[in-house]
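Trainee: Fold the following, please.
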Amino acid sequence: MEKAFKNLIKSEFPDLGNARLLLAVSGGVDSVVLAHLCKKAKLDFSIAHCNFNLREDESEADEEFVMELGDALEVEVFSESFDTVKYAEEAGISIQMAARDLRYDWFEELRSTLKYDIILTAHHANDDLETFVINLVRGSGLEGFTGIKAQKNKIIRPFLKFSRREIESYARENHISWREDSSNASSKYMRNRIRHQVIPVLEELNPQLLQSFTLTQEHLQESFDLLEDYVGLLYSEIVSKTEYGYSLDIGILKKVPNTKAVLYHLLKTFGFSEWNDVHDLLIAQPGKMVFSPTHRLIRDREYLLLTEKPSETDDRIYEISEGEEIIMLPPGTFSIEEVKEIGETGPNLLYVEKQKLEYPLVLRKWQEGDHFYPFGMKGKKKISDFFKDKKLSLPEKENTWLLCSADRIVWVVNHRADGRFAVDDPSKEILKITYSL
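Mentor: Numbering: from 1, shown residues only. Okay, here's the model as predicted:
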């Protein structure tokens, strides 16, 4: 195994030879053997150990064992203690998920702070098989069956081509001691039940289960890559970047085959789970929405609009005092200057008679019932009707600001001025107001 490991490093992870590595070591056989092999391969590494405080004295003994391992291998050891139960309760997640989050967050913090290049973990082929079965039980898309990635961002898993049996055999042959986690024998966790009750039955049916699984997973990965390539070709035809997120062309989506699968692959990173509802947006009335924990998908006239979920209410209000010339605000920058006459025009420019304004001016979002007197039109108009006539999308409406004087709207910013503040007498003082992002 030592020779196979060194050959693997040279062929698949050649950069590890010149990198500073942070090796995750629990004290179990897989991570301990990885530490020994990294030492034999003369890699530059330190050890990181997590004490999750889930097994009382056992957890303390694991930590002590790892510290002694570091001394024996003459490498630095970092250890961190976590209140995993409290974290899980506060986050509303399982103990296993809590431990995972705490572990990887701390590893990354160590890596970035202390300038390590790569994090190594000791996941092996059996872990990959168990994860596959877990995803099969819970339900998954194709990606969930393509396996644990050997490299993802700054994490490398060099043991994925080795089985648990190979790792344990190497440890025994080389008289390497390790710690047994008593929780691994418990049927409390799904992974353990699959490991002890399901996998053995499958191995009875097929003694070469692990090899067959590896080959099947390679085929699934190839199929997944093909699908990703196909969706990548469609992306430029369907998706456009917008000011507030992305738009997806409904007309093109309706024409492509397997539309639901295409939508899944385009939107899977945004947390949606109700894919039938997402697909039904293609035939829904404008204004219909589907939400994920972080985003929303809106049926507009000809497009699906993807944006982040807005806050429940946006009641931000900004005041502009008389005499201010450059006003930098979160929504953008306003420039106010006196001019002798009306010059260039544009949607981001406004000319008003100074004496018609009452200070402070107020910048706010629109509210139900708001109305104004659009410049160039007779009579008043509801802001909601104005938006409808302009065919603004919901995100555009939500991100439109109103510049107000007292209780009157001066300007629907970047869209239309209110005629009541227009320059009627060129001899009066004229203010030019410019808005820029």
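Trainee: Surely Thr366 is in contact with Phe386?
Mentor: Residue 366: Trp, not Thr. No: Trp366 is beyond contact range of Phe386, at 9.3 Å (criterion: Cβ atoms under 8 Å). Backbone N, C-alpha and C define where each C-beta goes, glycine included.
Trainee: residues shared between the contacts of the two?
Mentor: Counting by Cβ atoms under 8 Å, 6 or more residues apart in numbering, the common neighbours of Trp366 and Phe386 are Val412.
Trainee: My reading is that Lys86 lies in a helix. Confirm?
Mentor: Yes: assessed with DSSP: H, G, I helix; E, B strand; the rest coil, Lys86 lies in a helix.
Trainee: burial of it, as a residue count?
Mentor: Look at Lys86: counted by other Cβ atoms under 10 Å, it has 11 neighbours.
Trainee: where exactly do the strands run in the stretch 101-250 of the chain?
Mentor: Along the stretch 101-250 of the chain, counting by DSSP state E, counting those that start in this stretch, strands occupy 118-120, 151-152, 155-156, 239-242, 245-249.
Trainee: quick one: contacts of the third one?
Mentor: Residues external to strand 155-156 that are found in contact with it (Cβ under 8 Å, 6+ apart): Phe13, Leu16, Tyr104, Ile118, Ile119, Leu120, Thr121, Ala150.
Trainee: Any of these buried? List them.
Mentor: Phe13, Leu16, Ile118, Ile119, Leu120, Thr121, Ala150 (16 or more other Cβ atoms under 10 Å).
Trainee: Same list, those, but as TSV with distance to Asn414 and pLDDT please.
Mentor: Formatted as TSV, the buried ones among the contacts of strand 155-156 follow (distance: Cβ to Cβ, whole Å; pLDDT from 0 to 100):
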residue	distance to Asn414	pLDDT
Phe13	52	94
Leu16	53	94
Ile118	48	96
Ile119	47	97
Leu120	52	97
Thr121	51	97
Ala150	50	92
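Trainee: Please convert those residues to a markdown table, extending it with distance to Ala24.
Mentor: A markdown table is the format used below for the buried ones among the contacts of strand 155-156 (distance: Cβ to Cβ, whole Å):
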| residue | distance to Ala24 |
| --- | --- |
| Phe13 | 16 |
| Leu16 | 15 |
| Ile118 | 11 |
| Ile119 | 7 |
| Leu120 | 7 |
| Thr121 | 5 |
| Ala150 | 15 |
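Trainee: Name the nearest of those residues relative to Phe159.
Mentor: When these are ranked by distance to Phe159 (Cβ to Cβ), Thr121 comes first, at 8.2 Å.
Trainee: List the buried residues for stretch 300-312?
Mentor: Asp300, Tyr303, Leu304, Leu305, Leu306, Thr307.
Trainee: how about TSV for those, with secondary structure and pLDDT added?
Mentor: TSV is the format used below for these (DSSP: H, G, I helix; E, B strand; the rest coil; pLDDT from 0 to 100):
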residue	secondary structure	pLDDT
Asp300	coil	93
Tyr303	strand	95
Leu304	strand	96
Leu305	strand	95
Leu306	strand	95
Thr307	strand	94
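Trainee: Which pair of the residues you listed spans the longest distance?
Mentor: Tyr303 and Thr307, at 11.8 Å, using Cβ to Cβ across the buried residues of stretch 300-312.
Trainee: how far away is Leu136 from Met97?
Mentor: 19 Å (Cβ to Cβ, to the nearest Å).
Trainee: now Ser292
Mentor: Taking Cβ to Cβ, one finds Ser292 at 19 Å from Met97.
Trainee: ok, those two, which is more surrounded?
Mentor: Higher neighbour count among Ser292 and Met97: Ser292, with 18 against 13, using other Cβ under 10 Å.
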